[in-house]
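sequence first, predicted model second:
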Amino acid sequence: MKITKTTMPKSKPPVDKLGFGKYFTDHMLIMDFEDGKWKEPEIVPYAPFAMDPSTSILHYGQGIFEGLKAYKNKEGKITLFRALDNFKRMNNGCARMCMPKLDIDVVYNALVELILLEKDWIPTDPGTSLYIRPTLIATDTQLGVSSGTKYRFFIILSPVGSYYSTGLKPTKILIEDKYVRAPLGGTGEVKCMGNYAASLLSGDIAKKKGYSQVLWMDSNEHKYVEEVGAMNMFFVFDGVVKTPALVGSILPGITRDSVIKILKSENIPIEETRISIDDIKKGFENGTLNEAFGTGTAAVVSPVGVLGFNGKDFEINSGKMGKITEYLYDRLTGIQVGRYPDPFGWVIPIN
Ligand code: PLP
Ligand code: COI
């Protein structure tokens, strides 16, 4: 693979200032699709793209992305978490968005080379990691609305700390009762860019009201909860963990799947089911709603302390992180950083 190294390496950000997705490493990976095939991937210095103003991604948003993480321990061992699952999901997104599928071996090997080149950028403090953002965009320069013939795949890397500025403190989430994220038959189950653009208005309104994100409801009946903008949701009712079933409008989260598998391996009851807003209200009123938490690559396992609905706040577990949430946070991050053994085969050592 062709590698062009930067002549102007950047200084690394202080670890306590990382936050999420604010700093980017010195290099990125690019790979173009033209004349019906993918070209060789290349590593180049991190730099802006020059784009013709008619480039189709800028108009019609034919683009998808992924999010995964690399970790480095104090001894310098670098691992990836379930990377192949991210590329498989990206290929499902390609099919839905009329984009050419990636050769998973090629992009995986190229990613490993990029990470090894940038290994000094991987933070090692607890709660930190290197966030990896593979992205695929349509690059034809024409204004007709049709699937393209030219695409660019790229990967950028960002050393990160906590996704929420509040860290592991339970968040306040507003249940959205007006706008919807994804109808059945839409693009909710793939990570296409438009899903996120369409969610911004609700997010802004929620933030003005003091909530950090919204919990979307189904588009048909506005009755069943689905997911949060960057997380799948779990609720604990009377010791039974429940998460909305993947009905077609919800992203099949890799952290969601990991949490389900950890729970099953520990014989903790877990159900993929429909969860109505009435179930949540009832569970709150009769005291059986013990915990709520979200899962995601960026968000990891994130406790929810308050659910707002219709002008009312439901405080869950007195606004504190629950036992199962804490257990899952510890188990998952422990497996990810090598603090616990990995019986699932999720952790991939790369050096
Ligand atoms: N739901 C949405 C809409 C997301 O953007 C994400 C983040 O990727 C998730 C759920 C969680 O998915 P994963 O655990 O694969 O990161
Ligand atoms: C991730 O968790 O990787 C995501 O893609 C969430 C993102 C929208 C910040």
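Looks like it came in fine. Residues are numbered from 1 along each chain as shown. Ligands and ions are numbered 1, 2, ... in the order given.

contact partners for Pro244?
Taking C-beta atoms under 8 Å, 6 or more residues apart in numbering as the contact definition, Pro244 lies against 224-227, 232-233, 250, 272-275. Every residue, glycine included, has its C-beta placed from N, CA and C.

and Asp279, by the same measure?
Here Asp279 is in contact with Phe237 (C-beta under 8 Å, 6+ apart).

ok, now Asn351?
Counted by C-beta under 8 Å, 6+ apart, Asn351 has contacts 76-78, 116, 119.

now, the most widely separated pair of those?
Lys77 and Leu116 (12.2 Å; C-beta to C-beta).

ok so, going back, from the contacts of Pro244, which land in strands?
Among the contacts of Pro244, the members falling in strands (DSSP state E) are 225-227, 232-233, 272-273.

quick one: is stretch 22-31 near ligand 2?
No. Residues of stretch 22-31 are not located near ligand 2 by C-beta under 6 Å from any ligand atom, the shortest gap being 12.2 Å.

the residue of the stretch 1-150 of the chain found nearest ligand 2: how many residues sit nearby?
Minimum separation of the stretch 1-150 of the chain from ligand 2 (C-beta to the nearest ligand atom) falls at Gly67, amounting to 2.0 Å. Using other C-beta atoms under 10 Å, Gly67 is surrounded by 19 other residues.

and for Val106?
With other C-beta under 10 Å as criterion, Val106 counts 16.

ok, Pro183 next?
Counted with other C-beta under 10 Å, the neighbours of Pro183 add up to 13.

for ligand 1, see how far away it is.
Distance, Pro183 to ligand 1, by C-beta to the nearest ligand atom, to the nearest Å: 15 Å.

confirm Gly167 sits in a strand?
No. Per DSSP: H, G, I helix; E, B strand; the rest coil, Gly167 lies outside any strand segment and is coil.

check contacts around it.
By C-beta under 8 Å, 6+ apart, the neighbours of Gly167 are Gly127.

quick check: it vs Gly93, distance?
Remark: distance between Gly167 and Gly93 (C-beta to C-beta, to the nearest Å) = 30 Å.

got a list of contacts for stretch 68-77?
With contact meaning C-beta under 8 Å, 6+ apart, stretch 68-77 is reached by 78-83, 86, 115, 119, 122-124, 129-132, 134, 157, 160, 254, 297, 336-338, 349-351.

quick one on the thing from earlier: pLDDT, distance to Ser11 and neighbour count added to the contacts of Pro244, as TSV?
Listed next are the contacts of Pro244 as TSV, based on pLDDT from 0 to 100; distance: C-beta to C-beta, whole Å; neighbours: other C-beta atoms under 10 Å:
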residue	pLDDT	distance to Ser11	neighbour count
Tyr224	97	48	20
Val225	97	44	25
Glu226	97	42	25
Glu227	97	37	25
Asn232	98	36	25
Met233	98	39	25
Ile250	97	41	22
Glu272	98	46	13
Thr273	98	49	12
Arg274	97	50	15
Ile275	98	47	21
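
out of those, which one sits closest to ligand 2?
For the contacts of Pro244, the nearest to ligand 2 is Asn232 (10.0 Å; C-beta to the nearest ligand atom).

thought the closest one was touching Ser258?
No. Using C-beta atoms under 8 Å, Asn232 makes no contact with Ser258, being 10.7 Å away.

give the residues shared as contacts by those two.
Shared contacts of Asn232 and Ser258 (C-beta under 8 Å, 6+ apart): Thr295.

interface residues of the stretch 251-351 of the chain facing ligand 1?
Taking C-beta under 6 Å from any ligand atom as the contact definition, the stretch 251-351 of the chain meets ligand 1 at 251, 253-256, 295-297.

from the residues you listed, which ones fall inside helices?
Mapping those onto helices (DSSP state H) picks out 254-256.

farthest residue from the center of this structure?
Here the chain reaches farthest from its C-alpha mean at Asn286, the gap being 33.2 Å by C-alpha atoms, centre = their mean.

so what are the domain limits for the protein?
Domain assignment for the chain by automatic domain parsing gives 2-160, 171-337.
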